[in-house]
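> Here's my sequence, what's the structure:
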Amino acid sequence: MRKQAAYEPEFEDWLFHVVLPLAAYAILALSSFAAPSHTREALFGVGGAALLLLFTGIHNAWDSVAYHVLVTKADTNTARRRDETK
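Numbers count the residues shown, from 1 in each chain. Below you'll find the predicted structure:
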């Protein structure tokens, strides 16, 4: 696998791409173990995990779109400057 040099992950990236999804899946797993004895609380855990995954996915999609728009705009501006200097 090739390592990129254009972008270095920040705390927010680690939080939304690793920590929060891992926490959501842990809550989901714990809810499945708690379901036989604490059904109502386990269902709240499942709902909370689903909401956490939903919000994390929305944030990650927005972050990806913003990154690609900014990279494309920067590439376009660089190409324009290169064409103007010729």
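
> Any buried residues in stretch 36-51, and which?
Neighbour counts over stretch 36-51 (16 or more other Cβ atoms under 10 Å) mark 42, 45, 49 as buried. All C-beta spots, glycine's among them, are computed from the backbone N, C-alpha and C.

> is it possible to export these to JSON lines including distance to residue 7 and secondary structure?
Formatted as JSON lines, these follow (distance: Cβ to Cβ, whole Å; DSSP: H, G, I helix; E, B strand; the rest coil):
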{"residue": "42", "distance to residue 7": "39", "secondary structure": "helix"}
{"residue": "45", "distance to residue 7": "34", "secondary structure": "helix"}
{"residue": "49", "distance to residue 7": "29", "secondary structure": "helix"}
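
> Nearest to residue 27 among the residues you listed?
Nearest to residue 27, judged by Cβ to Cβ, of the buried residues of stretch 36-51 is residue 49 at 4.3 Å.

> Was I right to think that closest one contacts residue 20?
No. Applying Cβ atoms under 8 Å, one finds residue 49 not in contact with residue 20, separated by 10.4 Å.

> residue ranges with poor pLDDT in the chain?
Applying pLDDT under 70 to the chain flags residues 1, 74-75, 77-79, 83, 86.

> ranges for the helices of it?
With DSSP state H as the criterion, the chain has helices at 11-14, 20-34, 39-85.

> out of those, deepest packed?
helix 20-34 (a mean of 15; mean count of other Cβ atoms under 10 Å).

> Which other helices and strands does that one contact?
helix 39-85 (3 or more Cβ pairs under 8 Å, 6 or more residues apart in numbering; DSSP states H and E).
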